[in-house]
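> I would like to see how this sequence folds:
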Amino acid sequence: MDVLKVLEAGVSQNPVFLKQAETTLKEWEVMPGFYSHIFEVISNRNLDVSVRWLAAVTLKNGIERYWRKSAPHGMSESEKARIRPRMLSLIGEPINQIATQLGVLIGKIARYDVPHDWPELLPALIVGIQSEDSLIQERALFTLHHVIKSLASKRLAGDRKSFQNLADQLLVPMLEVWNVHLDTTVLQVCEKQDAAQETIGKSIICTKILRKLVVQGVREPLRDTRICRFAEVLFEKIKTLLEIRNFFLIGTQLDANMKKLIINHVKIIADLLERSPLLFLPLITPSLNFVADYVFTVEGQRFCFQEFAVKLMNLMKALILCAEYKPAKVIEETKEVATLEAHKMKMAFFTPSKLSQLFHCLVGEYLPLKEEELNKWSNDPEEFLHEEGGESWKYSLRPCAESLFLAIFHEYSTVMCSLLLALVKDNTAFVSAEDFQGILRRDAIYNALGLVSFELFDQIDFDNWFSTSLLEELRCTEPNYRVLRRRIVWLIGRWTNVKFSTDLRPVMYEVLLNLMGNHEDLVVRLEAAETLRTAMDDFDFSVEQFMPYLQLSFGQLFQLLKEVNECDTKLHVLNVISLMIELVGAEIKPYVGGLIQFLPALWEASEQHNMLRCSIISTLVHIVKGLGEFSIELGSFLIPVIHYATDTTQSAHVYLIDDGLELWKALVENSPVSSPALLKLYDNLPKVLEESSEYLLIGCQIMKSYLYLCPEEFMKSYGTPTIAFFNNEVQDMRNEGVIKVLGVIDQMILCSPTLAVNVVSPLVMFALK
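Okay, the predicted model is just below:
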C-alpha cells in the first residue's frame, strides 16, 4: 500500500483526489500494518508538513478506534510494540502543529497502556522535562500534561490507585521543575528577555500538571507534607507574579499568558478546599486575608484583573458556605473538632469592622454597573439581559460580587443588615437625572436590597417605600433614569413574593404596563415583563383583580414578542404570555387572535431552537384550553405541530414529546367533532408508548378522549390494533399499568359496546387470569 501517495492526495486542493484519498484511507485503516506505515510518514521530517500533519491526525483517530484491546479490527500487539518506543524519539518535533498532535495521541495511548504495557513512557518524559534543550523540555511538558490528563480521567478503582502511585513518583520532580520555571519566568520578565513568553508557557503547563497530580493524584492532599509546603508558598508565588505583571506586562503580548498562569495557581487553592475542606484549616486564614487584601483594598486592587477577582471572590464564598465549617445550632453539640476550629477562624476574620469593609466595597465598587455593561445595554440590550442570569457568577465580576454579597449577608445577617439599613437611610433623597454616578450608586443599593429581600422581611416597609420614593423615581423619564427604572422594576419583582400588599397590586400593574410600552427602553420593558410574570406566579395573585389590565398587558407582551430578535428572549416573553393564558383561561378569547396568527411563523423560524418550540407548544396547550371548542379551528396548525412533536423518528421529539402529548390531549378533549387528520394522528401513539412506559398514563387519557369524541370511527380504525398492542405489552406491565389499560378497555365497552365486545375479549381473558 502506497500510504504516502494517498496522504499527498488527501492534502491536495483537487476535490476528486481528496474524496478518493478519504475512501482509500477508510478502507486501509483496518488492515494489519497500516498504522506502522502512517508512523513512517510522521517520522520523515523531509516530507511536506501538511502531509505529516494529516498522517498524525490519522494515527490519532486510529488510536481512538483500534488501540483498545477489545476493539473490533484492533491493532495487533506486535504493531503497537513497534509504534510505542519510536513515539519517544519524536518528542523533540520542531513543527508546532505536528508536535501538538503527537502530544495528544501519546496521551491517548497512555490511557490504555500506562503503566503496564508502556512503563518506559513516564521516565522518558521526566528526563525530557529536565533536559537542557528548551524545545525537548517544552514538548515533554506538553506531552506529560496530556498523559496526566488522560490518566486522571479514569474512574475505576484500580485505575485510580495506579494514578495515585504514578502521582507519588512524579510529584517531587514536577515541583522542582515548576519552581525552576517560575523563578526563571520572574527573572526573564524583569530583565525583559525574549525567552519570557516561552518560559511563561512552560510554567502554565507545569501548573496544570501539578493541579492534576495534587488534587486527583493524592487521596488526602493536605496530609502530604510535600503538598502542604507547596500550598503554603502558592500565595507568595501568586503575589510575585501579580507584581511583575503590574510593573512590566500590562498592555504587552505577554499579559494574557501571565493572567492564565496566575489563575491556574488560584485554581489549585480552590480545588484543595473543595477536595479536603477539613484538612484545609491551615489555609483558611491565609486564603481569606489574601482575598481581602487584593479584592477589597485600594492597594490590592491595583494588581487585580477581572478573572482573578472573580476567582478570589468565589474562593471566599466557598469558605463562607462550606458545610464542613458550620457548627451545630448549639455550638457545644458539634462533634467534629476541625469544624469548630474552622468556625473560630471564620469568626476571627469576619469581625464587624471587616464586614463593614467588605460591605462598602461590594456595594460601592463591585455592584454598580460598569461602562462595558452600559455599552452592552445600549448596543445589544437582549444580550445584556442574558448575561445577567444563569451561572454568570462563575465568570462575570458583578454577578460574582452579587453572589458573594448574598453569601456574606446570609451568614452574618445581623451586622450586614444594620449596615444596609444605614446606607439606605443615608440615600433617601431624590437623585438628579444629571448625576449619573449618583444613579449608578442608587442602582447598586437597590440591587443589594433586592438580593436580600427575604432577610429584610421585618426590617423594611416595602409598601410605603413603593408608594412614595419608588413611584416618584419611576415617574422620571429622563434617559439616564432608565438604569433606575429597570432596577426598581426588578426590585418590585424581588419583593412581590416577600411582602407586598394585595391592595397595591393594581398600582403595580399600571406601573408595569406603562413601562412595557414601546416608548420605553427595551431592557426596562423586558424587565417589566419578567416582574409581571413573578407577580402572576405569586400565591396572592387574583385573576379578578387583574382582569381590567388583561387586554393591555396581553397586547404589550405580544408586541414585545414580535419586536425582540433573540430566541432566548422570545422564550422568556412567551413564557409570560403562556402563564397569563393559563391563569385567565377562557377570558383570553377576545385577545388571542393576533398571537394565533403569529405562532405559525414563529414555529417555522425556531427550527433550530427546541426550547423555544417547547414554549410555543406549552402556550398552545393553554390557548386550546382557553378557546375550548373553538380550538378546532386551529387544527390546520395544531395537528402538524403535534405530529412533529410526537414523531419518534424526529430527533427533536426528545425535547418536544412531553408538551406535544399535552397539546394532543387538550385538542382531543376540547374538539366538538373529529376530523380525518385528527384521527390519523393516532398512528404516532403506539410508537410513543413503545419508546417509554412513562407516557402510558397520558397515552391512555388520549385514547379515552378519542373514545368520547368519535367512538365508532376510533373503534373501526384503531380498536383492533390498540388491543393487539396492549396484548403484547401488558404481560410486562406492573399492576398500575394494567389498571390504566383496563380503564381504556372499560371506556371502549361503554362508548361502543357492539364493536368492542369481540375486539377486547383476548385482553379481558388475560386480565382475568
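> Tell me where the stretch 201-350 of the chain is predicted with low confidence.
Counting by pLDDT under 70, the stretch 201-350 of the chain shows no low-confidence range.
> Kindly recompute the last result at 90.
219, 249-253, 328-335 (pLDDT under 90).
> could you pull out the helices for it?
Here the stretch 201-350 of the chain has its helices, by DSSP state H, counting those that start in this stretch, at 225-244, 255-275, 281-295, 298-301, 306-321, 337-349.
> Which of those sits closest to Ile632?
helix 306-321 (54.2 Å; CB to CB). C-beta here means a position set from N, CA and C on the backbone, and glycine is covered the same way.
> Check which helices and strands that closest one is in contact with.
Packing contacts for helix 306-321, counted by 3 or more CB pairs under 8 Å, 6 or more residues apart in numbering; DSSP states H and E, involve helix 255-275, helix 281-295, helix 397-411.
> Of all those helices, which one is nearest Leu121?
Of all those, helix 255-275 sits nearest to Leu121, with 24.2 Å by CB to CB.
> The closest one vs helix 306-321, what angle?
10 degrees (axes from the mean of the first three to the mean of the last three CA atoms, to 10 degrees).
> could you check the angle helix 225-244 makes with helix 255-275?
Using the same axes, to 10 degrees, helix 255-275 lies at 150 degrees relative to helix 225-244.
> So for Leu656, which of the helices of the stretch 201-350 of the chain sits nearest?
Closest approach to Leu656 among the helices of the stretch 201-350 of the chain (CB to CB): helix 306-321, 36.4 Å.
> ok, now how distant is the residue nearest the centre of the chain from Ser403?
Nearest to the geometric centre of the chain sits Glu391, at 6.5 Å (CA atoms, centre = their mean). For Glu391, the distance to Ser403 equals 10 Å [CB to CB, to the nearest Å].
> before we move on, the earlier item: so which of the helices of the stretch 201-350 of the chain is nearest Gln137?
Per CB to CB, nearest to Gln137 of the helices of the stretch 201-350 of the chain: helix 255-275, 16.9 Å.
> Can you name the residues in contact with that closest one?
185, 189, 197, 200-201, 203-204, 207-208, 210-211, 214-215, 221-222, 231, 234-235, 237-238, 241-242, 244-245, 249, 280, 283, 287, 305, 307-308, 311-312, 314-315, 318-319, 322 (CB atoms under 8 Å, 6 or more residues apart in numbering).
> correct me, but Asn518 touches Gln559?
Yes. Counting by CB atoms under 8 Å, Gln559 is a contact partner of Asn518 at 6.3 Å.
> Among these two, which residue is more densely surrounded?
Gln559 (15 against 10; other CB atoms under 10 Å).
> and the helix or strand hosting the more buried one, what does it pack onto?
According to DSSP states H and E, Gln559 maps onto helix 550-563. For helix 550-563, the elements it packs on are helix 505-515, helix 522-536, helix 567-584, helix 593-605, judged by 3+ CB pairs under 8 Å, 6+ apart.
> I'd like the distance between the nearest residue to Ile200 once chain neighbours are set aside and His386.
Spatial nearest neighbour of Ile200, chain neighbours left out: Asn257 (4.7 Å); criterion: CB to CB, 6 or more residues apart in numbering. Distance check for Asn257 against His386: by CB to CB, it reads 30 Å.
> So for these two, which sits in the more crowded spot?
Taking other CB under 10 Å, Asn257 and His386 do not tie; Asn257 has more neighbours (19 against 15).
> And that one, how close does it get to Gly107?
According to CB to CB, Asn257 stands 22 Å off from Gly107.
> what's the following helix or strand after whichever helix or strand His146 is part of?
Assessed by DSSP H and E, His146 sits inside helix 134-152. Next helix or strand after helix 134-152 toward the C-terminus (DSSP H and E): helix 157-190.
> and that following helix, how far out from the chain's middle?
31 Å (CA atoms, centre = their mean, to the nearest Å).
> May I see the buried residues of that helix?
Judged by neighbour count using 16 or more other CB atoms under 10 Å, the buried positions of helix 157-190 are 160, 162-163, 166-167, 170-171, 174-175, 177-178, 181-182, 184-186, 188-189.
> Would you mind putting the helices and strands packed on helix 550-563 into JSON lines with mean pLDDT and mean neighbour count alongside?
What follows is the helices and strands packed on helix 550-563, written out as JSON lines (pLDDT from 0 to 100; neighbours: other CB atoms under 10 Å):
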{"stretch": "helix 505-515", "mean pLDDT": "96", "mean neighbour count": "18"}
{"stretch": "helix 522-536", "mean pLDDT": "96", "mean neighbour count": "23"}
{"stretch": "helix 567-584", "mean pLDDT": "92", "mean neighbour count": "20"}
{"stretch": "helix 593-605", "mean pLDDT": "91", "mean neighbour count": "15"}
